[in-house]
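[1] Got a predicted structure here, sequence first:
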Amino acid sequence: MEYRKLGTSDLDVSVITMGCWAIAGGRLWGPQDEAEAIGALHAAVDEGINFFDSAEGYGAGRSEELIGKAFTGHLRDKVIIATKVSQGNLRPTDLRAACEDSLRNLGMETIDVYYIHWPNWDIPLADTLGEMQRLKDEGKIRFVGCSNFGRRDLTEILALEHVEINQLAYNLLFRAIEYEIVPLCVEHQVSIAPYSPLLHGILTGKFATLADIPDERARTRHFSATSRTMVRHGEPGAEAETAAALAAIRAICNDAGLPIAQVALAWLLEQPGVATVIAGARNPAQIHANAAAAALKLPADVIAALTQATDPLKTALGPNPDMWQSDANSRMR
């Protein structure tokens with residue numbers, strides 16, 4: 001396993017982060033066996049993965065509870081735990097209560113990286129960061145991160161305090177952050193952690209055509225608002241460009257003799273500013289598959305071919321970094 005420095009911190013994180021939303025189970029993910037979830041967390045450590053990503057909103061604390069059960073005693077010293085405070089809890093009093101709840105769920109004294117999950121434009125960032133600093137002073141959190149912060153919001157937060165990491169939707173089929181956010185992160189030494197690296201499983205190669213993708217996975221701006229029932233953006237989508245990009249990716253991977261999912265993760269690890277890729281897993285087998293991507297070093301010509309093949313889709317979707325909402329209604333600015 002390879003490790004990279006997180007921002008300007010003293011944390012060295014594995015290039016694969018275990019995303020811990022799915023282990024919470026529930027309506028979105030379906031039933032989850034607790035023993036299998038804990039087995040996945042332990043398998044991740046065995047593979048050298050040391051960074052684990054959760055949030056107070058993942059299963060209403062269930063994800064955090066499972067992490068706490070898995071990493072008791074000596075295992076706590078082997079892992080770096082990140083969780084997120086929801087955008088509705090960014091007022092100082094609410095933030096403190098949310099942090100205490102997360103610590104209680106985790107059964108831990110300190111959260112290593114505490115993210116602001118989404119910006120809240122109704123609450124002054126200075127108030128939020130002031131409470132974050134008090135929590136740091138008390139040893140309850142170590143480093144502050146942000147998630148889903150676009151160019152304007154990231155500029156605003158950096159004017160007040162350095163954040164170590166920005167967690168963003170980013171994958172071969174959604175490259176909007178490359179326009180403005182990646183250069184800003186690189187300039188200010190803010191690490192990037194891509195989430196949804198396989199675009200709801202679409203980049204696993206399991207769907208032969210766009211028509212095979214179920215509506216619950218076809219919720220992004222790639223898909224037409226007139227042909228899909230769960231989209232919210234109201235835009236025409238970019239289905240022709242998405243289909244062409246997928247076909248090209250599949251051909252490139254077939255020619256190279258490499259699995260699409262691992263190639264998709266490995267491509268992200270070659271992009272500027274990326275420190276770690278958040279890959280969800282619900283069982284040890286999925287952990288092993290994700291970890292294998294960390295050892296996959298793509299040839300330069302394959303990286304270039306993948307980038308070129310997805311450039312038309314990048315252009316069609318444009319610089320709006322909200323993968324689900326239109327530019328007019330984007331939750332990122």
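    Happy to help now that I have it. This one's a predicted model, so the numbers in the text were calculated from it and none came from an experiment.
[2] just so I have it, where are all the strands in the chain?
    Counting by DSSP state E, the chain has strands at residues 3-5, 12-14, 16-19, 51-53, 80-85, 111-116, 141-147, 165-169, 191-195, 277-280.
[3] which of the residues in stretch 153-168 are buried?
    For stretch 153-168, burial by neighbour count (16 or more other CB atoms under 10 Å) applies to Asp153, Leu154, Glu156, Ile157, Leu158, Val163, Glu164, Ile165, Asn166, Gln167, Leu168. Yep, even glycine has a C-beta here, placed from its N, CA and C like the rest.
[4] what's the pLDDT at Leu28?
    For Leu28, the pLDDT comes out at 72.
[5] Next one: it relative to Trp21, how far apart?
    Relative to Trp21, Leu28 is positioned 8 Å away (CB to CB, to the nearest Å).
[6] repeat for Ala44
    Remark: distance between Ala44 and Trp21 (CB to CB) = 14 Å.
[7] ditto for Leu41
    Distance from Leu41 to Trp21, by CB to CB: 13 Å.
[8] middle-most residue in the chain, spatially?
    Tyr195 (2.2 Å; CA atoms, centre = their mean).
[9] Most remote residue from the middle of this structure, which is it?
    Most distant residue from the mean C-alpha position of the chain: Asp255, 28.7 Å away (CA atoms, centre = their mean).
[10] From Ala261, how far out is that residue?
    Noted for Asp255: a distance of 17 Å to Ala261, by CB to CB.
[11] And for Glu131?
    Distance from Glu131 to Ala261, counting by CB to CB: 39 Å.
[12] more crowded one of the two?
    Ala261 (22 against 18; other CB atoms under 10 Å).
[13] Number of residues surrounding Asn50?
    With other CB under 10 Å as criterion, Asn50 counts 21.
[14] hang on, the earlier thing: between Ala44 and Trp21, which one's more packed in?
    Shown here are Ala44 and Trp21; by other CB under 10 Å, Ala44 has more neighbours (29 against 21).
[15] Leu265 versus the more buried one, what's the distance?
    Ala44 is 14 Å from Leu265, by CB to CB.
[16] and what of Arg91?
    Look at Arg91 and Leu265: by CB to CB, they are 37 Å apart.
[17] for Ala300, same thing?
    From Ala300 to Leu265 the distance is 17 Å (CB to CB).
[18] what do you get for Pro92?
    Counting by CB to CB, the gap from Pro92 to Leu265 is 38 Å.
[19] OK, contacts around Leu198?
    Listed by CB atoms under 8 Å, 6 or more residues apart in numbering, the contact set of Leu198 reads Asn171, Thr204, Ala261, Ala264, Leu265, Ala279.
[20] re earlier: show me which of Pro92 and Leu265 is the more surrounded one.
    Set Pro92 next to Leu265 and count neighbours by other CB under 10 Å: Leu265 wins out with 28 against 16.
[21] hang on, isn't the more buried one packed against Ala279?
    Yes - contact criterion CB atoms under 8 Å: Leu265 and Ala279 qualify, at 6.2 Å.
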